[in-house]
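> sharing a model that was predicted from the sequence below.
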Amino acid sequence: MKILAVTACPVGIAHTYMAAENLQKAADEMGVNMKVETQGSIGVENELTEKDIAEADGIIIASDKEVSKERFGGKPLLVVGVQEGIREPKQLIQRIVDKDVSVYKESMPSAETVKQKKKEKENPIYRHLMNGVSYMIPFIVVGGLLIAISLAIGGEQSAEGIIIPEDSFWKQIENLGAASFSFMVPILAGFIAYSIADRPGLAPGIIGGYIATDGSFYGSEAGAGFIGGIIAGFLAGYVVLWIKKIKVPQAVQPVMPIIFIPILGSLIVGMLFIFVIGAPVAGIFEGLTVWLEGMQGTSAVFLALILGAMIAIDMGGPFNKVAFLFGSAMIAEGNYEIMGAIAVAICIPPLGMGLATFLNKRKYQQAERETGKASFTMGFFGITEGAIPFAAQDPFRVIPSIVTGSMVGAVIAMLSSVGDRVAHGGPIVALLGAVDNVFMFFIAAAIGMVVTALMVNLLKKDVKVSEDPIVQEEAAPETEVKPSAQEAEKTNEKQSKEINKLTDITTPELINTDLNGSTRDEVIDELIGTLDRNHLLQSPHQFKEAIIARENESTTGLGMNIAIPHGKSSAVKKPAVVFGIKRDGVDWNSMDGSDAKLIFMIAVPKEREGDDHLRILQMLSRRLMNDEFRNDLLSVKTKEEAYQLLQTIK
């Protein structure tokens, strides 16, 4: 049995994740397959797909805010408050198992209807083309990398470039790569037709794509290439749609999709391509190839400018894919310089943005700097999409910068006769030996990367976030050489980095295993005092105002003896968590009436309120749902014991 759940709460922080954790845990114990979507302040995570919903036996919504139900039309749906998701997860799941839930039949569209509406809004030509491209890409990647590996390991230098001996093992690897490439256009055509006419269109599309690549059918040496494959795919799809509308006797209808439609479709597409379409398209393709091969000077520069701009402008979108497909087709025609320019342009946006964050950190938020590190890796492997987070954040400065850098890199590569023998880009293909004139490949990529970095940093303004709050803090006394002091020092070093675990922002000095306060406000004062003694606050009074203001919105007593007071204030120097244990409990107005015994106070600078405090709350709320973990925390005797347990919160 498969059950889905959605959890949410008005604030979208702790209770959202507590309910998700308890539902998932209960499902695992009951042997039920469950997937939980959380709609927290950090955004929708683990989103339910249309396939998930179609396969589900029931859905639970545990939420205290409005959650859209239209996608669950026709499914058993149980809607409860988030607290029930936290306290009674097994009972909720059992109700779905026992079919003690009504089917949602509001006058809302079903998931299939929503899906159809989305499709109707899209450009159908683009949708069908991208369907074919998505199935074709694995064949390009497999073929390209196998050929690159065979050239790198088994290739030998010759007057004609790198060649692989015919009788070697690596020649067989190259042949495997070539075989993968041979499927590229037929698969493209087949799945364009499949997108248009469903399964009956697949065979005519693949056959039409094969004919498009084999010019011997219509007297051409080159074939119609990928352009012919696209034509064949659309032709097959719409021919099959037309055949499907023909009225036939009822006795024949069952075999139409598996016999008559594929046969008629393949015959019509094949004959049209052989006698009408193939030769003219092949002629255009041959003329284009001759023109490209004969381009010199300004013509080559103009082409490189266009290709570089198309690769960078939408970072993996339709413009990028058209340029990439064009370069891939030129490889089959023996023109490697087109793909050489494209291979350089592909890696420049992510590498350039990564370099930009390194050169001038003041221009970027903390999250962008972390993304910059990842974009280096993506650029190395030729994944242009690594620049998308930067473009989404600041499109009017980032997109012109990456387009300019890619155009510059592509022009240098084209003028330097950089060639790429595989349909892939980035430094990885150069290191694998698939690139001609490797030195200029790296020169072109480096110059384009520097142009992007300098241009975007020139256009960008400094962010308002203080660069390194920790620099303003008092240094720890040199005499403090205890392990705890060393941990504090490590935390200081990490303050500008992403928070991956709780102990990135807490130390044994921020732990009190025996709180003295007898009321909520006394405990708050005690924890704030701990933060202040550790030089984490500029104004304890100002930070307390932020804590109390948050408590006045709604209690942070989460139940189960847990309270997580939190405040975002300019009085906080850097993110930190102070933890205290009140063994006999203190009234925190918790939702389940229990006294708070495990109290975590989160302190976050105002300028870092977005990601930091949400990430900390998410980590805490998920881990604290474990009964054994809570009991272990309540049983600790020393700060060191507590710190060891807190190290598991990540």
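That came through, no problem.
> CA atoms for contacts and neighbours, from now on please.
Fine.
> so what's the closest residue to Trp588 other than its chain neighbours bridging to?
Once flanking residues are discounted, Trp588 sits nearest to Gly557: 5.4 Å by C-alpha to C-alpha, 6 or more residues apart in numbering. Counting by DSSP bridges, Gly557 forms beta bridges with Ala563.
> hang on, Gly557 packs against His566?
No. Assessed by C-alpha atoms under 8 Å, Gly557 is found out of contact with His566, at 11.1 Å.
> hey, where'd the strands end up in the stretch 151-300 of the chain?
Using DSSP state E, counting those that start in this stretch, the strands of the stretch 151-300 of the chain run over residues 156-158, 161-163.
> what do you get for the stretch 351-500 of the chain?
Under the criterion DSSP E, counting those that start in this stretch, strands of the stretch 351-500 of the chain are mapped to 419-420, 435-436.
> hey, which of the ones you listed is tucked in deepest?
Mean neighbours per residue, mean count of other C-alpha atoms under 10 Å, is largest over the strands of the stretch 351-500 of the chain for strand 419-420, with a mean of 28.
> what is that one packed up against?
Here strand 419-420 is seen to pack against helix 337-359, strand 435-436 when contacts are counted using 3 or more C-alpha pairs under 8 Å, 6 or more residues apart in numbering; DSSP states H and E.
> now those in CSV, with mean pLDDT and distance to Glu628?
As requested, those are exported to CSV (pLDDT from 0 to 100; distance: least, C-alpha to C-alpha, whole Å):
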stretch, mean pLDDT, distance to Glu628
helix 337-359, 92, 43
strand 435-436, 86, 57
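> same list, those, but as JSON lines with distance to Lys245 please.
As requested, the helices and strands packed on strand 419-420 are arranged in JSON lines below (distance: least, C-alpha to C-alpha, whole Å):
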{"stretch": "helix 337-359", "distance to Lys245": "43"}
{"stretch": "strand 435-436", "distance to Lys245": "50"}
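> please work out which of the ones you listed is packed deepest.
helix 337-359 (a mean of 31).
> for it, packing partners?
Where contact means 3+ C-alpha pairs under 8 Å, 6+ apart, helix 337-359 is packed against helix 298-313, helix 318-332, helix 366-380, helix 395-415, strand 419-420, helix 438-459.
> roughly how far is it from the heart of the chain?
Here helix 337-359 is found 19 Å from its chain centre; the criterion is C-alpha atoms, centre = their mean, to the nearest Å.
> the longest helix in this protein is where?
For the chain, the helix with the greatest residue count under DSSP state H is helix 124-154.
> what's the mean pLDDT across that one?
For helix 124-154, mean pLDDT is 75.
> helices or strands up against that helix?
Judged by 3+ C-alpha pairs under 8 Å, 6+ apart, the packing partners of helix 124-154 are helix 169-182, helix 184-197, helix 427-431.
> ok, 10 Å please
Other helices and strands packing on helix 124-154, by 3 or more C-alpha pairs under 10 Å, 6 or more residues apart in numbering; DSSP states H and E, are strand 161-163, helix 169-182, helix 184-197, helix 225-244, helix 318-332, helix 427-431, strand 435-436.
> what about the closest residue to Gly215 other than its chain neighbours, how many neighbours?
Nearest residue to Gly215, sequence neighbours excluded (C-alpha to C-alpha, 6+ apart): Gly223, at 3.8 Å. Residues within reach of Gly223, counting by other C-alpha atoms under 10 Å, total 27.
> which of the helices and strands packed on helix 337-359 sits most buried?
Mean neighbour count (mean count of other C-alpha under 10 Å) peaks for strand 419-420 among these, with a mean of 28.
> now do the end-to-end distance for stretch 589-606.
From its first residue to its last, stretch 589-606 covers 26 Å (C-alpha to C-alpha, to the nearest Å).
> buried set for it?
589-590, 594-606 (16 or more other C-alpha atoms under 10 Å).
> least confident pick among the residues you listed?
Lys606 (75).
> would you confirm that it contacts His566?
No. If you go by C-alpha atoms under 10 Å, Lys606 and His566 don't touch, sitting 11.8 Å apart.
> what's around Gln538, how many residues?
15.
> give me every residue that touches it.
Going by C-alpha atoms under 10 Å, 6 or more residues apart in numbering, Gln538 touches 473, 532, 569-573.
> those residues in helices, which ones?
Members of those lying in helices (criterion: DSSP H): Asp532.
> any chance of the contacts of Gln538 in TSV with neighbour count and distance to Ile207 as columns?
Converted to TSV, the contacts of Gln538 look like this (neighbours: other C-alpha atoms under 10 Å; distance: C-alpha to C-alpha, whole Å):
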residue	neighbour count	distance to Ile207
Glu473	16	71
Asp532	15	74
Ser569	23	66
Ser570	19	67
Ala571	21	69
Val572	25	67
Lys573	23	67
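> I appreciate the help and will end here.
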